[in-house]
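In: Model the following, please.
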Amino acid sequence: MTATQERAVALEKGPARVAPLLRVTGLSVSYAPPKKGVGLGTGAALTDASLDVRPGEIVGIVGETGSGKTTLARATVGLVRPAAGRIEFAGQDMGALRGRALRDFRRSGQVQLVFQDPLRSLDPDLTVAELVREPLDVAGTLPRSERHERVADSLRLVGLDPETMLGRRPRELSGGQRQRISLARAISTRPQLLFCDEPVSALDVSNRNLVLSLLDRLRTELGLAVVIIAHDLSSLAGIADRVAVFYRSRVVEQGPIQAVLERPAHPYTGLLTASAPSVTQVDRLRPDQLRPEPGARDWPVHGACVFAARCRFAHDACVEQPPSLPLAGDREAACHVAGEWRAQLTTDHRPDTEES
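Out: As a prediction, this is how the structure comes out:
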């Protein structure tokens with residue numbers, strides 16, 4: 001059994017004994033609608049989303065572009081204000097923080113966000129030393145004499161040599177180095193929770209594996225809880241303990257990653273695993289098995305299940321969006337036929353080899 005599987009088993013055995021570090025409940029976020037003639041704004045970006053992140057675990061968030069993944073992270077770190085719902089960090093209601101208390105929390109660096117594109121998020125005029133030290137200067141919790149050593153330690157933690165890196169600027173670094181500088185900057189304050197937005201999407205395979213292994217090591221060495229936002233399910237398969245699947249602003253399924261990948265409860269998760277290369281070889285699905293039949297009924301844009309128009313198994317009950325309901329094994333799914341739709345595959349849509 002791998003270390004990731006052992007952690008997943010431990011969390012499944014005793015979830016009630018491990019209080020969540022982050023608890024998001026019924027979170028909704030809406031951006032302003034676009035102005036006339038201007039293609040800005042996306043409307044509702046997150047709807048009634050709930051998610052727990054426990055200390056020391058890695059949680060993956062997957063879904064299509066615009067499904068609300070990054071909005072959840074931005075709301076948690078205070079970059080956008082929720083329209084509804086509750087965010088608790090270490091037992092504290094973040095929505096109740098105002099004024100100086102909110103500024104102090106943001107500056108403390110207890111929750112950090114690594115943005116998707118390090119070339120755009122790192123100031124091109126600052127050196128690596130200045131970039132990594134900046135969060136420490138803002139927090140002001142370390143004496144000036146100790147900040148330089150913290151910067152050097154943070155670089156070593158991400159596998160970079162301080163002597164060769166401190167004087168460089170972002171344009172003088174490779175893509176993998178810039179991503180690790182972003183990580184060093186984020187962990188310099190020794191946060192409790194780290195959000196990584198698509199940390200490997202722009203990297204080649206070798207650098208992708210290096211960064212993912214680095215995140216796994218950092219969560220152990222620093223006691224971090226890590227949330228990884230990704231499109232690629234396969235990149236999470238060997239590192240995450242749990243996964244939450246987003247679709248059109250909603251969390252449609254979540255649970256231990258091995259169970260979710262091997263036996264998806266929501267048809268959209270099934271479509272993701274069927275479309276991903278080699279996520280699992282156990283009872284592997286095909287995308288054509290899950291697509292609706294030609295001439296399937298039309299579904300209303302509002303009120304109905306968000307996946308109904310793309311779902312082979314949608315039926316009359318799907319005119320209403322189902323709530324997220326608990327399933328066995330510390331899992332949840334927002335689907336009227338959660339865990340039951342696979343039985344229809346054997347009778348409604350046999351593989352091509354059986355049909356011929």
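In: Enumerate residues external to stretch 101-108 that contact any of its residues.
Out: 77-78, 94, 97, 138-141, 189 (Cβ atoms under 8 Å, 6 or more residues apart in numbering). The C-beta positions use only the backbone N, C-alpha and C, and glycine is treated the same way.
In: buried set for that stretch?
Out: Across stretch 101-108, burial judged by 16 or more other Cβ atoms under 10 Å covers 105-106, 108.
In: can you tell me which of these are in helices?
Out: With helices taken from DSSP state H, the overlap with the buried residues of stretch 101-108 comprises 105-106, 108.
In: about what we covered before: can you tell me which of the contacts of stretch 101-108 is closest to residue 270?
Out: Taking Cβ to Cβ as the measure, residue 270 sits nearest to residue 77 out of these, at 31.8 Å.
In: Which helix runs longest in the chain?
Out: helix 205-221.
In: If you count contacts, what does it end up packed against?
Out: strand 58-63, helix 175-187, strand 225-230 (3 or more Cβ pairs under 8 Å, 6 or more residues apart in numbering; DSSP states H and E).
In: that older thread, list buried residues within the contacts of stretch 101-108.
Out: By 16+ other Cβ under 10 Å, the contacts of stretch 101-108 give 77-78, 94, 97, 139, 189 as buried.
In: Now pLDDT, secondary structure and distance to residue 251 too, for the residues you listed, in a markdown table please.
Out: Shown next, in a markdown table, are the buried ones among the contacts of stretch 101-108 (pLDDT from 0 to 100; DSSP: H, G, I helix; E, B strand; the rest coil; distance: Cβ to Cβ, whole Å):
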| residue | pLDDT | secondary structure | distance to residue 251 |
| --- | --- | --- | --- |
| 77 | 89 | coil | 19 |
| 78 | 86 | coil | 21 |
| 94 | 92 | helix | 19 |
| 97 | 87 | coil | 24 |
| 139 | 93 | helix | 32 |
| 189 | 96 | coil | 29 |
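In: With distance to residue 55 added, can I get those in CSV?
Out: As requested, the buried ones among the contacts of stretch 101-108 are exported to CSV (distance: Cβ to Cβ, whole Å):
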residue, distance to residue 55
77, 18
78, 21
94, 17
97, 21
139, 21
189, 17
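In: before we move on, back to that, could I get the buried residues of stretch 101-108 as CSV with distance to residue 316 and pLDDT?
Out: Listed next are those as CSV, based on distance: Cβ to Cβ, whole Å; pLDDT from 0 to 100:
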residue, distance to residue 316, pLDDT
105, 47, 91
106, 48, 89
108, 51, 92
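In: Assign the nearest residue to residue 94 once chain neighbours are set aside to helix, strand or coil.
Out: Closest residue to residue 94 apart from its sequence neighbours, by Cβ to Cβ, 6 or more residues apart in numbering: residue 87 at 4.4 Å. Following DSSP: H, G, I helix; E, B strand; the rest coil, the label given to residue 87 is strand.
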